[in-house]
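Student: heads up, no residue letters with this:
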């Protein structure tokens, strides 16, 4: 690949003379031995053919090549303070970016989520403590990461494997196909039930007294009873022993339950990704028993009203409704 040599002051003076002679961008480029797109972009970004000045264009190019450039949040302390406050409230950079663009909370700005991440990780414009507000604790920004999670296998007796789940559940075109799981707190002594609808990504977050099969049975039956019978079609779960009474749940609630393969969390992608959102408010090591039902409903509502890229920036609640 050829090395791209920046335009020199002499090149820009020749461009200016070519404009005065009435030459086209292609004719000027031939004289310089450059591609015509280089010359046309140079003219367009510096005032066009009427406003082009070689000295001013060169000074601008030198200024823009200076590194490091100040970040957006370094040049706008007011915006930086707003972003830092939103991060401390457990909002993700993507949520902050989208809601700022929409003016949801009375502030309207244009800033990308990547800018927020970079400012936090490089400590340029954001305080060092803001990095600790991210729900995934990392030392640097990582773009493509597959969580390495495993599921402990238990004997559930006779169950229907997830391979037999109807194909329509995979297509995400029909409401009522759910994925569920337990998230646990400190020392595995507390737990909450999370259940997501595959089509809309709507979350139901409920309290269970313990991880025992009896307590999970009571909590899950109460949860499913809140959903209209016509919208209870299938439920996918892992091989956790908390679902030992899955056959009773299926009969009681009129729903087909399918059990995932051992150590295969990717078979419940909606739930696994959704649990990462829930962990913003329920970090690992938290005593989940301290969270009341009102707390769970508040967290559930917040997650269900976050604009989601995969929903065309609609919310899960709007999509479900």
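Tutor: Structure's in. What do you need? Note that the structure is a prediction, hence the values are computed from the model and not measured.

Student: buried set for stretch 105-122?
Tutor: For stretch 105-122, burial by neighbour count (16 or more other C-beta atoms under 10 Å) applies to 111, 115, 116, 117, 118, 119, 120, 121. Heads up, the C-betas are built off the backbone N, CA and C, glycines and all.

Student: I'd say residue 188 and residue 182 touch.
Tutor: No: look at residue 188 against residue 182 with C-beta atoms under 8 Å: they stay out of range, at 9.7 Å.

Student: wait, what's in contact with residue 105?
Tutor: By C-beta atoms under 8 Å, 6 or more residues apart in numbering, the residues touching residue 105 are residue 99.

Student: any shared contact partners between residue 188 and residue 182?
Tutor: With C-beta under 8 Å, 6+ apart as the test, residue 188 and residue 182 both reach residue 211.

Student: Between the two, point out the one with more neighbours.
Tutor: Per other C-beta atoms under 10 Å, whichever of residue 188 and residue 182 has more neighbours is residue 182, with 20 against 9.

Student: hey, where'd the helices end up in the stretch 101-250 of the chain?
Tutor: Listed in chain order, the helices of the stretch 101-250 of the chain (DSSP state H, counting those that start in this stretch) span 113-121, 167-171, 213-225, 246-253.

Student: hey, which of these is tucked in deepest?
Tutor: helix 113-121 (a mean of 19; mean count of other C-beta atoms under 10 Å).

Student: Quick check on residue 256: phi, psi?
Tutor: When read as degrees, to the nearest 10, the backbone of residue 256 gives phi -90, psi 130.

Student: quick one: low-confidence parts of this structure?
Tutor: Filtered on pLDDT under 70, the chain yields the residue ranges 1-3, 142-155.

Student: re earlier: JSON lines for the helices of the stretch 101-250 of the chain, including distance to residue 131?
Tutor: Output for the helices of the stretch 101-250 of the chain, formatted as JSON lines (distance: least, C-beta to C-beta, whole Å):
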{"stretch": "helix 113-121", "distance to residue 131": "5"}
{"stretch": "helix 167-171", "distance to residue 131": "37"}
{"stretch": "helix 213-225", "distance to residue 131": "35"}
{"stretch": "helix 246-253", "distance to residue 131": "41"}
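
Student: quick one, which of these is nearest to residue 272?
Tutor: Closest to residue 272 of the helices of the stretch 101-250 of the chain is helix 167-171 (C-beta to C-beta; 15.5 Å).

Student: outside of the closest one, which residues touch it?
Tutor: 174, 177, 198, 233, 234, 236.

Student: Please give me every residue in contact with the third one.
Tutor: Residues touching residue 198, when contacts are defined by C-beta under 8 Å, 6+ apart, comprise 169, 172, 177, 178, 179, 270.

Student: Find the nearest non-adjacent residue to it, please.
Tutor: Using C-beta to C-beta, 6 or more residues apart in numbering and skipping the chain neighbours, the partner closest in space to residue 198 is residue 177 (4.6 Å).
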